[in-house]
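>>> Pasting a predicted model and its sequence here:
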Amino acid sequence: MPLPSRLAGLALVLTILAYPPATSVAQEPATHLPNTRPLDWTGDLAARMVEGTDRFLLRKTEGSVAQRARHWNRDLSSPQAYAKSIEPNRKRLAHLLGVRDPLVLFDDWATAPLLVNPAIATSLFGLSGQLSWNAISWPVIGDVVVEGYSIEPLSESARANVILITDADTPPEALLGLVEDDDPRAALAIRLADSGCRVFLVTLVDRTIASRNGRAK
């Protein structure tokens, strides 16, 4: 049953009085946390943040120079003594980097790597002038196997063993001189082998962004 018009009007007035206009609410002054200041910077805030981070890191790096010596106890009396004295530092660095699994050790690097496929290695790389090229693989940690290439001189014993690791977007063939590239590192492995080094070139996982299996990038 509808209310009489007088009662409806009275109910409307009471409702308005119960909820005063927003303009009548007192506005409290803006506050901030103790020991802080309002952020009233102007300009590019992101650039200022990067500059501040750069200053902080440079300051910390400069300060670390004076404190660096206390973390080392170098024994310079002999190469063996030096290696033993810095062994704790090497172990700590390996722990921080996550290099904690025991490596598979070789007695002789010249014979340890295995040919991935001797027939393919001979046909693709084989012999080039005074250098021997092979596609190889070798165990590293547990059942993890690394693949790559070995290049070494034929006429003399290797003067040194060099392990080359390319950038993620650089194919190892570029360092073999098999890819036309203006990069100054092109054919670096060949130049080292020509200088008398045995070179191991590690093949990384290809991270090139491209469509695969019919899928878009």
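Arrived safely.
>>> I'd assumed Val202 was in contact with Ala168.
No - taking contacts as Cβ atoms under 8 Å, Ala168 lies outside contact range of Val202: 11.6 Å. The way it works is simple: take the backbone N, C-alpha and C, and place the C-beta from them, glycine included.
>>> Look at those two and report which has more neighbours.
Shown here are Ala168 and Val202; by other Cβ atoms under 10 Å, Val202 has more neighbours (15 against 10).
>>> Quickly find the element holding the residue nearest to that one when sequence neighbours are not counted.
Leaving aside its chain neighbours, Val202 sits nearest to Gly148 (4.5 Å; criterion: Cβ to Cβ, 6 or more residues apart in numbering). In the assignment (DSSP states H and E), Gly148 maps to strand 144-153.
>>> could you point out which element follows that strand?
Using DSSP H and E, the helix or strand that follows strand 144-153 in sequence is strand 160-165.
>>> Does anything pack onto the top helix by length along the chain? Which helices or strands?
The longest helix of the chain (DSSP state H) is helix 45-68. Applying 3 or more Cβ pairs under 8 Å, 6 or more residues apart in numbering; DSSP states H and E, we find helix 45-68 packed against no helix or strand.
>>> average pLDDT for it?
For helix 45-68, mean pLDDT is 90.
>>> Next: stretch 193-211.
Here the average pLDDT along stretch 193-211 is 78.
>>> for stretch 79-93, same thing?
The average of the pLDDT scores along stretch 79-93 is 92.
>>> Contacts for it next, please.
71-76 (Cβ atoms under 8 Å, 6 or more residues apart in numbering).
>>> what's the span of it from first residue to last?
Counting by Cα to Cα, to the nearest Å, you get 20 Å between the two ends of stretch 79-93.
>>> Kindly report the same for stretch 154-166.
25 Å.
>>> What mean pLDDT does it get?
The model assigns stretch 154-166 a mean pLDDT of 81.
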